[in-house]
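Trainee: have a look; sequence and predicted model below, questions after that.
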Amino acid sequence: MRLTPTERDRLLLFSAAELARARRSRGLQLNAPEATAIISDTVIEAARDGRRLRDAVDAACNVLAPEDVLPGVAALVPEVWVEAVFDDGSRLVVVPEPLGPPHGDLIPGSVHPVHEDVPAVTAQTAEIAVHNASEVPISVTSHFHFFEVNPRLSFDRGAAYGMRLAIGAGEAVRFDPGATVTVGLAPIGGERVVIGFAGLVDGPLDAPGAKDAALAKARATGYLDSTGEGDFA
């Protein structure tokens, strides 16, 4: 059986979640990776079942109780981010306080996050207007290949090929339903190999014919494009 990198990642997450569920059934309290695996798996399966974003978040917030995890884990997992494919396309789902608000001090060895401004590591080189044609908010993180974001976001897909948001690592931009937001983009650096995301590229960005093939795949699968070229729009 041939699997894409995205499908292999999904199976790895499912295996981690199954292991965590087996340990919980034996009465063991879960650590942070185990709890995160179950929460993430719950979101993805809710999306696969055809449930709406709000329902998927609610299910993830209720899949584990504070007593299911080790002391201090709730503070280590203040939120969970996971990409899931819903009926209207893939979305970044943010599950806030999935284990409830933390109580008391963190246990020794845990992490105290420090919130401070982090400058973008790459200067903006392009600017595009993005319209959210869906009925729900859509968030996009800093290093997501912008060409492959949710198909209900309408913008110049060709101009966004090989680009990411020009914001700090770990930050995100939110697109509200019906809103149009102008964002800055910067080229993806390093070896410029894109694996996973929506599966429109899955390889070197600059390989001969890679961009044309990705555009054709996006066109065939209904990704919106503000230029109206081909079957887009």
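Mentor: Here it is on my side, so go on. Residues are numbered from 1 along each chain as shown.
Trainee: which one is Phe197 nearest to, not counting chain neighbours?
Mentor: Glu148 (4.3 Å; CB to CB, 6 or more residues apart in numbering). Quick note: C-beta positions are derived from backbone N, CA and C, even for glycine.
Trainee: quick one, what contacts that neighbour?
Mentor: For Glu148, the contact set (CB atoms under 8 Å, 6 or more residues apart in numbering) comprises Val194, Phe197, Ala198, Gly199, Leu200, Val201, Ala218.
Trainee: one more: Ala214?
Mentor: Phe147, Tyr161, Leu200, Val201.
Trainee: grab the longest helix from this protein for me.
Mentor: Secondary structure of the chain read by DSSP state H shows that its longest helix is helix 5-25.
Trainee: ok, residues contacting that one?
Mentor: 3, 30, 33-35, 37-38, 40-41, 44, 68, 195-197, 199, 202.
Trainee: and if you look at stretch 84-96?
Mentor: By CB under 8 Å, 6+ apart, stretch 84-96 touches 39, 43-44, 46-48, 50, 52-53, 56-57, 60-61, 78-83, 134, 136, 138-141, 144, 150-152, 172, 198.
Trainee: so which of those are in helices?
Mentor: Ile39, Val43, Ile44, Ala46, Ala47, Arg48, Leu53, Ala56, Val57, Ala60, Cys61.
Trainee: buried ones among these?
Mentor: Buried members of these, scored by 16 or more other CB atoms under 10 Å, are Ile39, Val43, Ile44, Ala46, Ala47, Leu53, Ala56, Val57, Ala60, Cys61.
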